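Asker: Everything below, folded, please.
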Amino acid sequence: MKAQNMQISYESADSAWYDQLLYSGVEWRPTMQMVDGHEFFLTSAFLYGTILVDGITFREVRLKYDICNNDLIVLWKNVAPIIIDSKKVDEFTVVHNGVTRRFVNLQGMFPEIRGFAEVMYQGKSRVVASHTKAVSKNPAGIVYEEFREDTRYYFILNGTCFQIRNRASFLDHMGDYEISVRKFIRQKNLYVSLASPEGFVIAAAYFDFLTGKKQSE
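Answerer: Numbering: from 1, shown residues only. Prediction:
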């Protein structure tokens, strides 16, 4: 674990200071063993990633994201899982199957989004995803409970956050550019839906291109 930092005030800090900055928290213990599945994003295994705390980036950290309780858990010295204070975390990434996923802390900025949000696209506008899990009874009527995952997508534009409920609700917020973006979607034969969220990313990027082009004229 290395702390990457350019601020002069931290240059004399030793490794113990960095350990305390990142690993300050409480030990994680499993509390829901009787629930089918797990409470984590993607996998219950620890993944490698980076964490940005107070402007300092910690690399090659082993971590996992509890999307049921909105807790970020890091593995200290390959032994102890620690729940760190998520309020101090600006953002983090995890790498799974060779793909890097980036999350930013939007707590307090948008009441619609709980906890960290995955950044799917970031330009002048943003498309983010909020992943959560809840415990519910098995729909087959079996007595045990299971984790059920829910992912919601949001379009952030000019400091306002809108939930993307479908393609129409997404395009409605593009104002004068809606017709042009709809035409682009047809021409590119894009799938733009909750089942194909990559389409929101491509459409948002084109929307930003159009607005940027207008401003430069």
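Asker: Just the buried positions in the longest helix seen in the chain, please.
Answerer: Longest helix in the chain, counting residues (DSSP state H): helix 198-216. Across helix 198-216, burial judged by 16 or more other C-beta atoms under 10 Å covers Gly199, Phe200, Val201, Ile202, Ala203, Ala204, Tyr206, Phe207, Asp208, Thr211. All C-beta atoms are positioned from the backbone trio N, CA, C, and that covers glycine.
Asker: Least confident of those residues?
Answerer: Within the set of those, pLDDT is lowest for Thr211 (91).
Asker: Now the longest helix of the chain - C-alpha only, PDB.
Answerer: Written as PDB, here are the backbone C-alpha positions of helix 198-216 (Å, rounded to 0.1, in the frame of the first residue of the first chain):
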ATOM      1  CA  GLU A 198     -24.500   1.800 -22.100                       C
ATOM      2  CA  GLY A 199     -26.900   3.700 -24.400                       C
ATOM      3  CA  PHE A 200     -27.400   6.400 -21.800                       C
ATOM      4  CA  VAL A 201     -23.600   6.900 -21.700                       C
ATOM      5  CA  ILE A 202     -23.300   7.300 -25.500                       C
ATOM      6  CA  ALA A 203     -26.300   9.600 -25.700                       C
ATOM      7  CA  ALA A 204     -25.100  11.800 -22.900                       C
ATOM      8  CA  ALA A 205     -21.700  12.100 -24.500                       C
ATOM      9  CA  TYR A 206     -23.300  13.200 -27.800                       C
ATOM     10  CA  PHE A 207     -25.500  15.700 -25.900                       C
ATOM     11  CA  ASP A 208     -22.400  17.200 -24.300                       C
ATOM     12  CA  PHE A 209     -20.800  17.400 -27.800                       C
ATOM     13  CA  LEU A 210     -23.800  19.300 -29.100                       C
ATOM     14  CA  THR A 211     -23.900  21.700 -26.100                       C
ATOM     15  CA  GLY A 212     -20.200  22.300 -26.300                       C
ATOM     16  CA  LYS A 213     -20.400  22.900 -30.000                       C
ATOM     17  CA  LYS A 214     -23.100  25.500 -29.500                       C
ATOM     18  CA  GLN A 215     -21.100  27.300 -26.900                       C
ATOM     19  CA  SER A 216     -18.100  27.500 -29.200                       C
END
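Asker: and the residue nearest to the spatial centre of the chain, helix, strand or coil?
Answerer: Centroid-nearest residue in the chain, with C-alpha atoms, centre = their mean: Glu118, separated by 2.2 Å. In three-state terms, and counting by DSSP: H, G, I helix; E, B strand; the rest coil, Glu118 is strand.
Asker: and Ala168, what element?
Answerer: helix 167-171 (DSSP states H and E).
Asker: For the following helix or strand past that helix, what is the distance to the chain centroid?
Answerer: Sequence order places helix 178-188 as the next helix or strand after helix 167-171, per DSSP H and E. Computed by C-alpha atoms, centre = their mean, to the nearest Å, the chain-centroid distance of helix 178-188 equals 28 Å.
Asker: Could I get the average pLDDT for helix 178-188?
Answerer: Mean pLDDT, helix 178-188: 96.
Asker: Now do that helix: which elements does it pack against?
Answerer: Under the contact criterion of 3 or more C-beta pairs under 8 Å, 6 or more residues apart in numbering; DSSP states H and E, helix 178-188 touches helix 167-171, helix 198-216.
Asker: could you list every residue that touches Leu52?
Answerer: When contacts are counted by C-beta atoms under 8 Å, 6 or more residues apart in numbering, Leu52 touches Phe58, Val89, Asp90, Glu91, Phe92.
Asker: Alright, I will stop here.
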